[in-house]
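K.L.:
Build me a structure from this.
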Amino acid sequence: MHHVEVFLLVAGAVLVAAACRRRGLPSPLVIVAISLVVSLVPGVPRYEINSEILLEFVLPPLLYSAALASSYRDFRAQLNSITRLGVGLVLLSALAVALVFWALEPAVSFAVALVLGAVVAPPDAVAAAAVGRRLGLPRRVMTVLSGESLINDATSLTLYKVALIGAATGAWAFGGALGTFAVAVVAGVGVGLAIGWLVHAIRVRLDDPVVASAIGLLTPFGAYWASEAVHGSGVLAVVAAGLYLGHTSPRAGYATRLYEEPIWSTLDILLESFTFALIGIQLPWIIRDLVASDQGLGHAVTVSLAVLAVAVLVRPLYVFGTAWFDNLRLRGSHRPERDALTVRESAVVSWAGMRGVVTLAAAAGIPATIDGGPFPDRATIQLAAYTVAIGTLLGQSLTLPWVIRRLGVGSDDEAAADATQEAATRIATADAVQQVLESKRGDLAKVVGQPAADEAIDALSARWRGRAAAAAVMLDPENAPDLLPDDVDARESTRGLGPVGKARDGRLPGAAEGRRTQQFRREIIAAQREVLMRRRDSGELDETVMRRMMRELDLEDESLSSSWLERVRD
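P.N.:
Purely as a prediction, here's the structure:
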């Protein structure tokens, strides 16, 4: 593909995605449909992209972005479900598809059939997560879906590479494949954590969000290539680095977090739109190849539909057949009993098996030649893979909202629990602010005198305690009054007033205003951040609630940096 063709493909796909987002339409399906129509226009060239470009330049940033947004604590809590789906289900799906394809195409080797199995095995949770967020799926279900999509890619791509080697050499050794997989897992996770630690160590010492964000953009590629260089799983390295940096991001500068979020959202839509457009634009050419081949299009379509049926049916059978596995205690798993998936939630998970970017990229990346000759049944394998991707997106993605509503799966209890957690945390942050203010009472007295210092500190204390109490009462009116200190009146707190007096604007008096006020406010924000991270790490505050409250503090910190007073000082 020439650079102009790539640009036109990406630009067109992004425009379609923008229109879909505006109207609430499923952008993957619309992009595939429109690019399919465009490919039929006379003069439109055949798009062919090197497989390494798709796997090494498109996949790593998508996985890294998803890992950054995931919760490490929730991931560990649902490790049983994530492992059995992300590893066990992928292997079983790949094997089942390979056996069916091998039975229908006995002329190919089992290794070639396994290439197709590895390509169509991993579901992509992007569409499922988007539907789940809109309809309010319980957080544990969202964690299972997103966690599965993070590690099933590593399982499938490792199996994909092993199968390609088997197809090229004509040899297949189960023991060797198992050893390769074990090395890939250990090396991949180790390299990813090492790079994550290094990047975090650099970022906490940087006071430049632009440079820190640039390092973040390089991280997924560095993790992927470094892991592949030592025969590890590049996908697992990217996921490990993303989870580590996402968990430790509150320790980095607030500006870096504010810079990075829109960057990764923008990159996600670019890469996902490009991948789905590529599949639509390639599909007619694959069909033309099959029509011109000795095999014929009809047989290839029959094989593709059989593969689609197997891929769809295996998932619910496995999900319900292995539900007992969640009762085991895996090393590193900290799942409480109340977080186990219910039967209805398992039904939703079993239907959320849409294939996406990884299937499309791996299918498009199947080499045209292998071992000096054409890859056996390449067009049929690609058609089957695209059929599974489009069929699951069309069938499951569009019907998943109906399934969720029909089963009555929602997160009403979580909303109430989040409110209770946030109310308690706001009271705790007010206590931390009180400690900061008390620690400054003596220093302020040296500047403005003890009476003025006492008045200013008391006014600020009243302001912060009143704000926290008011927020807590509004969030959780039933339980919040029991959390308030004895000297705070719940009725007064709803008006934002504290017991010490009416807090006007909380500014320090006289010569202490200006820079000293800015310093106070920054120390107050830092104390609040520490409370959020401490309560998250202890399990008292959910990651989602913590990130929402952390963003409030980041925006407050940003307002200080962009204020007129700060600019004058600089």
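
K.L.:
for the nearest residue to residue 226 once chain neighbours are set aside, helix, strand, or coil?
P.N.:
Nearest residue to residue 226, sequence neighbours excluded (Cβ to Cβ, 6 or more residues apart in numbering): residue 191, at 5.2 Å. All C-beta spots, glycine's among them, are computed from the backbone N, C-alpha and C. Secondary structure state of residue 191, per DSSP: H, G, I helix; E, B strand; the rest coil, is helix.

K.L.:
and the gap between residue 191 and residue 555?
P.N.:
According to Cβ to Cβ, to the nearest Å, residue 191 stands 35 Å off from residue 555.

K.L.:
Please say which of those two ends up with more neighbours.
P.N.:
residue 191 (27 against 11; other Cβ atoms under 10 Å).

K.L.:
show me where this protein has strands.
P.N.:
369-370, 373-374 (DSSP state E).

K.L.:
could you give the mean pLDDT of the first one?
P.N.:
The average of the pLDDT scores along strand 369-370 is 80.

K.L.:
what residue ranges in the stretch 51-200 of the chain score low on pLDDT?
P.N.:
51, 125-135, 170-177 (pLDDT under 70).

K.L.:
do that again at 50, thanks
P.N.:
Counting by pLDDT under 50, the stretch 51-200 of the chain contains no low-confidence range.

K.L.:
can you tell me which residues contact residue 191?
P.N.:
223, 226-227, 230, 232, 237, 240 (Cβ atoms under 8 Å, 6 or more residues apart in numbering).

K.L.:
among those, which are in helices?
P.N.:
Among the contacts of residue 191, the subset assigned to helices under DSSP state H consists of 223, 226-227, 237, 240.

K.L.:
Mind giving me the PyMOL command for buried ones among those?
P.N.:
Filtering these down to the buried ones (16 or more other Cβ atoms under 10 Å) takes a single PyMOL command:
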select buried, resi 223+226+227+237+240
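
K.L.:
Quick check: the two most widely separated of the ones in helices among the contacts of residue 191?
P.N.:
Farthest-apart pair in these is 226 and 240; separation 11.7 Å (Cβ to Cβ).

K.L.:
Tell me how far stretch 240-260 lies from the chain's centre.
P.N.:
Per Cα atoms, centre = their mean, to the nearest Å, the displacement of stretch 240-260 from the mean C-alpha position of its chain is 13 Å.

K.L.:
Can you give me the buried ones in that stretch?
P.N.:
Under 16+ other Cβ under 10 Å, the buried positions of stretch 240-260 are 240-250, 252-260.

K.L.:
So which of the residues you listed are in helices?
P.N.:
240-248, 254-260.

K.L.:
Identify, from those, the entry nearest to residue 466.
P.N.:
residue 254 (24.8 Å).

K.L.:
Counting neighbours, what do you get for residue 288?
P.N.:
With other Cβ under 10 Å as criterion, residue 288 counts 13.

K.L.:
pLDDT score for it?
P.N.:
Looking at residue 288, its pLDDT reads 80.

K.L.:
OK, contacts around residue 169?
P.N.:
By Cβ under 8 Å, 6+ apart, residue 169 lies in contact with residue 371.

K.L.:
how does it look with 7 Å?
P.N.:
Taking Cβ atoms under 7 Å, 6 or more residues apart in numbering as the contact definition, residue 169 lies against nothing.

K.L.:
Likewise for residue 349?
P.N.:
Contacts of residue 349 were listed using Cβ under 7 Å, 6+ apart, and they are 141, 144-145, 319, 341.

K.L.:
Can you tell me which of those residues has the largest number of neighbours?
P.N.:
Of all those, the highest neighbour tally under other Cβ under 10 Å goes to residue 144, namely 30 neighbours.

K.L.:
burial count for the residue nearest to it when sequence neighbours are not counted?
P.N.:
Computed as Cβ to Cβ, 6+ apart, the closest residue to residue 144 that is not its neighbour in sequence is residue 81, at 4.7 Å. Residue 81 has 29 neighbours, counted by other Cβ under 10 Å.

K.L.:
pLDDT below threshold where in the protein?
P.N.:
The low-confidence ranges in the chain, as defined by pLDDT under 50, are 337, 490-506, 510-513, 564-570.

K.L.:
let's see 70
P.N.:
Short version for the chain, where the test is pLDDT under 70: 1-2, 48-51, 125-135, 170-177, 294-295, 328-339, 411-413, 479-517, 562-570.

K.L.:
what ranges do the helices span in the stretch 351-500 of the chain?
P.N.:
Ranges of helices in the stretch 351-500 of the chain, per DSSP state H, counting those that start in this stretch, are 357-364, 378-392, 398-407, 412-439, 441-448, 450-475, 480-483, 490-493.

K.L.:
An error on my part: the question was meant for the stretch 151-300 of the chain.
P.N.:
Ranges of helices within the stretch 151-300 of the chain are 174-203, 209-229, 234-248, 254-292, 297-321, based on DSSP H, counting those that start in this stretch.

K.L.:
most packed of the ones you listed?
P.N.:
Highest mean neighbour count of those: helix 234-248, a mean of 27 (counted as mean count of other Cβ atoms under 10 Å).

K.L.:
From the rest of the structure, what touches it?
P.N.:
60, 63-64, 67-70, 72, 75, 150-151, 153-154, 157, 185, 188-189, 191-193, 195-197, 199-200, 219-220, 223-228.

K.L.:
please redo it, this time with the cut-off set to 6 Å
P.N.:
The contact list for helix 234-248, computed with Cβ atoms under 6 Å, 6 or more residues apart in numbering, reads 60, 63-64, 67-68, 72, 150, 153-154, 157, 188-189, 191-193, 195-196, 200, 219-220, 223-224, 227-228.
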